[in-house]
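Have a look at this prediction, sequence included:
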There are 2 protein chains.
Amino acid sequence: MSVFSFNKLVIFGVGLIGGSLARGLRERGAGGLNAGRVVGVGRRWHSVERALELGVIDAAAALDDDAALAEALKGADIVLLAAPVAQTRALLERIVPHLEAETLITDAGSTKSDVIEAARAALGARAAQFVPAHPIAGRESSGVEAALPDLYVGRNVVLCPLAENAPEAVERIAAMWRATGAVIGTMSAAQHDRVFASVSHLPHVLSFALVDQILASPDAELKFSFAAGGFRDFTRIAASSPEMWRDVCLANRAALLAELDAYTEVLAKLRAAIDTGDGATLETVFARSRAARSAWQERGGKRAAEAAPDK
Amino acid sequence: MSVFSFNKLVIFGVGLIGGSLARGLRERGAGGLNAGRVVGVGRRWHSVERALELGVIDAAAALDDDAALAEALKGADIVLLAAPVAQTRALLERIVPHLEAETLITDAGSTKSDVIEAARAALGARAAQFVPAHPIAGRESSGVEAALPDLYVGRNVVLCPLAENAPEAVERIAAMWRATGAVIGTMSAAQHDRVFASVSHLPHVLSFALVDQILASPDAELKFSFAAGGFRDFTRIAASSPEMWRDVCLANRAALLAELDAYTEVLAKLRAAIDTGDGATLETVFARSRAARSAWQERGGKRAAEAAPDK
């Protein structure tokens, strides 16, 4: 069991992700965890106020209130950015005038190269204080009301440390996530973005695209009325937030395009096999794919099989 | 409640689909249902024997035993083909020498144009006795052991009647399926094949393709190890039978290629939007797609949401 304690944690964006971190640290108190004060900062007052009412945070500040922001960041051990990735640079620019030398900043964004670029631009020489991270957890519902103390139990949190991060800084962020029950993985930002472009961002694009293609067809109603279990599973992720996935696609553009192009090549190969009646190729690809999918399910997919949608 | 009775039903291929029809007719006896004798015919003796042991059928015949086949078909009201669609023509050629004038034949194949072509080739002038059908139901498991009396309750069965089918013949097959609890829909074979190419066959190809693309990439292991809920849902149908989906792809080639090409165009449009940073297009497509997916779920997707994989 990890030992982790803090005096003050400041969360920018107290929704599902930030709220679950706060609840996880406060309510999973075993093993030497010593939870300090949690302050929430939000653009919209009503959402931080709601977090306060629910007891998820101890104090709240509005992002545009300079004095409150200064007070919030005073003596902070750790700052978590849990707002949409597109806001990273603007948030860090608001934070940096009040940032103390001992404070570490981390984030929870689904993409990493763009977040790191934003952090370097906003923090400059102080980028060593920023440890990029991505907790792989989510739920169908969002907002602080959906926050759960055990959201991260058994889930992966990927750290993408910067060259200038001190090892102790990286370890401290890892310890925080471990205290919520998460499992820590480390990779480069480029690796991270390739991996999630492949197993998360691309499937979302493909799923949205299928529904859109059906909608555009002349017999869309008939098609929807006979869609069954296969369609349901394939398009479940098309129920995800359009704004969030627009931002993810643009933030991870290079890696996503590379995966999309590789995918299009596989589709072209399958198209040719269907067109020429090459059953052997189809069966080979389908069988290989099924075997890999089954092996994944066996190995660790059970954990993923219970998991909620990606974020 | 439908009234349906029969003296003798002969099922070619007593697996999940054929076995569930037999059990549905025998075990859902309310409302005037009068279940007669059910005979199973199979290529592999051990599977019809298993159906006999389980009491799903009353008698069994091996497909290659001419005398037993003649005896099985003698006085049959209805013959159901519930073997893989690629076997349709060969099965009908075995049946036709023993086919009585009063016997109706129907099938349970996932594709219809190719089945009708096979039926016309094998039956010639007697094609009027063949009423094409497709029950939209399935389970993860297969074989007669997986057969359930209520597999078809609330599920769609699509009939694609031939011009030469007598209305009474079509109604009789509809009544049989209604007696299992199914809901009857009717469309042309071309419509059927377009609809299922779109909402079932294409998603299977896309799902197999994603797993295959990941497998071929240099960091496949890393990708699989971080795949989570989105990947799980999107690729659940990649756990389907390679042989069955090879046959479906080839049997429904024309409709599937048309859907695949239309899909590839949507993907190209999204690729261009990602490439040029056109967030408005991405958000429009994603939002439209999400709204349609949600409306589907609201309308009738609840039934589909409980459904097992397509067949």
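Ah, there it is.

Now do the strands in the stretch 201-311 of chain A.
Along the stretch 201-311 of chain A, no segments are classed as strands by DSSP state E, counting those that start in this stretch.

where does it have low pLDDT?
A:301-311 (pLDDT under 70).

switch the cut-off to 50
Along the stretch 201-311 of chain A, the model assigns pLDDT under 50 to residues A:302, A:305.

A:A51 reaches A:I57, doesn't it?
Yes: here A:A51 lies in contact with A:I57, judged by CB atoms under 8 Å, at a distance of 4.8 Å. The way it works is simple: take the backbone N, C-alpha and C, and place the C-beta from them, glycine included.

In space, what's closest to the residue of the stretch 1-150 of chain A found nearest chain B - neighbours in sequence excluded?
For the stretch 1-150 of chain A and chain B, the shortest gap (CB to the nearest CB) falls at A:I136, measuring 5.4 Å. In space, and not counting its chain neighbours, A:I136 is closest to A:N156: 4.5 Å by CB to CB, 6 or more residues apart in numbering or on different chains.

wait, what's in contact with that neighbour?
Applying CB atoms under 8 Å, 6 or more residues apart in numbering or on different chains, we find A:N156 in contact with A:P135, A:I136, A:A182, A:V183, A:I184, A:G185, B:F226, B:A228.

which of those count as buried?
Listed as buried from those are A:P135, A:I136, A:A182, A:I184, A:G185, B:F226, B:A228; burial here means 16 or more other CB atoms under 10 Å in any protein chain shown.

From A:L256, how far out is the nearest residue to A:S294 once chain neighbours are set aside?
Of all residues not flanking A:S294 in the chain, B:A239 sits nearest, at 6.2 Å (CB to CB, 6+ apart). If you measure B:A239 against A:L256 using CB to CB, to the nearest Å, the figure is 25 Å.

Same check on A:A83?
A:A83 sits at a distance of 21 Å from A:L256 (criterion: CB to CB).

so where does A:G40 fall, helix or strand?
Taking DSSP states H and E as the definition, A:G40 sits inside strand A:37-42.

What residues of that strand count as buried?
When neighbours are counted by 16+ other CB under 10 Å, the buried residues of strand A:37-42 are found to be A:V38, A:V39, A:G40, A:V41, A:G42.

and that strand, which strands flank it?
Looking at strand A:37-42 with DSSP bridges, its partner strands are strand A:8-12 (parallel), strand A:59-62 (parallel).

what number of residues lie near A:A272?
A total of 11 residues lie near A:A272 under the criterion other CB atoms under 10 Å in any protein chain shown.

For it, give me its contacts.
Listed by CB under 8 Å, 6+ apart, the contact partners of A:A272 are A:D278.

at 10 Å what do you get?
A:D278, A:T281 (CB atoms under 10 Å, 6 or more residues apart in numbering or on different chains).

do A:F196 as well
Shown here is A:F196, whose contacts under the criterion CB under 10 Å, 6+ apart are A:110-112, A:134, A:136, A:158, A:202, A:248, A:252, A:255-256, A:259, A:310, B:223, B:226-228, B:230.

ok so, going back, for the contacts of A:N156, which two are the farthest from each other?
Maximum pairwise distance in these, criterion CB to CB, is 15.6 Å, between A:I184 and B:A228.

rewinding a little: make JSON lines from the buried ones among the contacts of A:N156 and add distance to B:I105 and secondary structure to it.
As requested, the buried ones among the contacts of A:N156 are exported to JSON lines (distance: CB to CB, whole Å; DSSP: H, G, I helix; E, B strand; the rest coil):
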{"residue": "A:P135", "distance to B:I105": "58", "secondary structure": "strand"}
{"residue": "A:I136", "distance to B:I105": "52", "secondary structure": "coil"}
{"residue": "A:A182", "distance to B:I105": "59", "secondary structure": "coil"}
{"residue": "A:I184", "distance to B:I105": "62", "secondary structure": "strand"}
{"residue": "A:G185", "distance to B:I105": "58", "secondary structure": "strand"}
{"residue": "B:F226", "distance to B:I105": "51", "secondary structure": "helix"}
{"residue": "B:A228", "distance to B:I105": "47", "secondary structure": "coil"}
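
Let's have these in CSV, adding distance to B:K74.
As requested, the buried ones among the contacts of A:N156 are arranged in CSV below (distance: CB to CB, whole Å):
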residue, distance to B:K74
A:P135, 68
A:I136, 63
A:A182, 68
A:I184, 71
A:G185, 67
B:F226, 61
B:A228, 57
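
So which of the residues you listed is the closest to B:V79?
Each of the buried ones among the contacts of A:N156 was scored against B:V79 by CB to CB, and B:A228 proved nearest at 47.2 Å.

for the longest helix seen in chain A, which positions count as buried?
Ranked by number of residues, the top helix in chain A under DSSP state H is helix A:253-276. Within helix A:253-276, the residues that qualify as buried by neighbour count (16+ other CB under 10 Å) are A:253, A:255-260, A:263-264, A:266-267, A:269-271, A:273-274.

Of those, which are in range of chain B?
Among the buried residues of helix A:253-276, the residues within reach of chain B (CB under 10 Å from any CB of the partner chain) are A:253, A:256-260, A:263-264, A:266-267, A:269-271, A:273-274.

Phi and psi next, for A:L69.
phi -70, psi -40 (degrees, to the nearest 10).

quick check, A:V158 in a strand?
Yes: assignment of A:V158 by DSSP: H, G, I helix; E, B strand; the rest coil places it within a strand.

I figured A:L159 was touching A:R178, is that so?
No: with contacts counted by CB atoms under 10 Å, A:L159 stays clear of A:R178, the gap being 11.1 Å.

So for the two, which residues contact both of them?
Residues touching both A:L159 and A:R178 (CB under 10 Å, 6+ apart): A:E171, A:I184.

Quick check: the residue of the stretch 51-200 of chain A nearest chain B.
For the stretch 51-200 of chain A, the residue positioned closest to chain B under CB to the nearest CB is A:V199, at a distance of 4.0 Å.

So that residue sits against B:S225, correct?
Yes: distance between A:V199 and B:S225: 9.4 Å, which falls inside the contact criterion (CB under 10 Å).

can you give me the helices for chain A?
Defined through DSSP H, the helices belonging to chain A, from first to last, are A:16-27, A:45-53, A:66-73, A:88-95, A:113-123, A:167-179, A:189-196, A:202-216, A:220-226, A:229-234, A:242-251, A:253-276, A:279-296, A:302-306.

so which of these gets nearest B:F208?
Nearest to B:F208, of all those, is helix A:279-296, at 4.3 Å by CB to CB.

Okay, buried residues for the closest one please.
Going by neighbour count (16+ other CB under 10 Å), the buried part of helix A:279-296 is A:G279, A:L282, A:E283, A:V285, A:F286, A:A287, A:R288, A:S289, A:R290, A:A292, A:R293, A:W296.

and chain B, which of those reach it?
Of the entries in the buried residues of helix A:279-296, those that also sit close to chain B under the rule CB under 10 Å from any CB are A:G279, A:L282, A:E283, A:V285, A:F286, A:A287, A:R288, A:S289, A:R290, A:A292, A:R293, A:W296.

With neighbour numbers in mind, choose between A:V199 and B:S225.
When A:V199 is set against B:S225 and neighbours are counted by other CB under 10 Å, the residue ahead is A:V199, at 28 against 16.
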